[in-house]
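J.: Got a sequence here, can you build the structure:
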Amino acid sequence: MLARLIGRYAVLVRLAPTGPGATVTPATAVDIIWAGATAAECLDHVRARPAADAHGLDIVLILRAATGSEALEPTRALCGRAVHAPLLDGWSLRHTDAIAIADLMP
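T.: Below you'll find the predicted structure:
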């Protein structure tokens, strides 16, 4: 049996508050995502920062997957679980986009 070629993908996510008063630090969001991650989701790294437009958090997740599409599925699952955590009550997943790490290299 041939092994599948696995690449690393950066998945860009925007978490946004669904109403006024919803606040969370980037570090807390990262901790919540890591706490809900499973080995099967192949998560390697998470980084978050306040969104440039001040309407949420921009998060980058680095995952191992065969394709960008395959990296999106576990990302949506991870972030979907995260926004159901009590500390992220009032937040929702707005969009995701996967980029192959190799495409970012010169």
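J.: if I look at the residue nearest to Thr28 when sequence neighbours are not counted, how far off is Glu73?
T.: Leaving aside its sequence neighbours, Thr28 sits nearest to Leu87 (CB to CB, 6 or more residues apart in numbering; 5.9 Å). For the C-beta atoms, the positions are set from N, CA and C on the backbone; glycine is no exception. Between Leu87 and Glu73 the computed distance is 24 Å (CB to CB, to the nearest Å).
J.: Likewise for Ala27?
T.: Distance of Ala27 to Glu73, computed by CB to CB: 26 Å.
J.: Between these two, which has more neighbouring residues?
T.: Using other CB atoms under 10 Å, the more surrounded residue of Ala27 and Glu73 is Glu73, with 14 against 9.
J.: And the contacts of the helix or strand hosting that one?
T.: Per DSSP states H and E, Glu73 falls inside helix 68-82. Identification of contacts with helix 68-82 by CB atoms under 8 Å, 6 or more residues apart in numbering yields 9, 11, 13, 15, 29, 32-33, 36-37, 40-43, 59, 61, 63, 65, 88, 93, 96, 98-100.
J.: Thanks again, I'm all set now.
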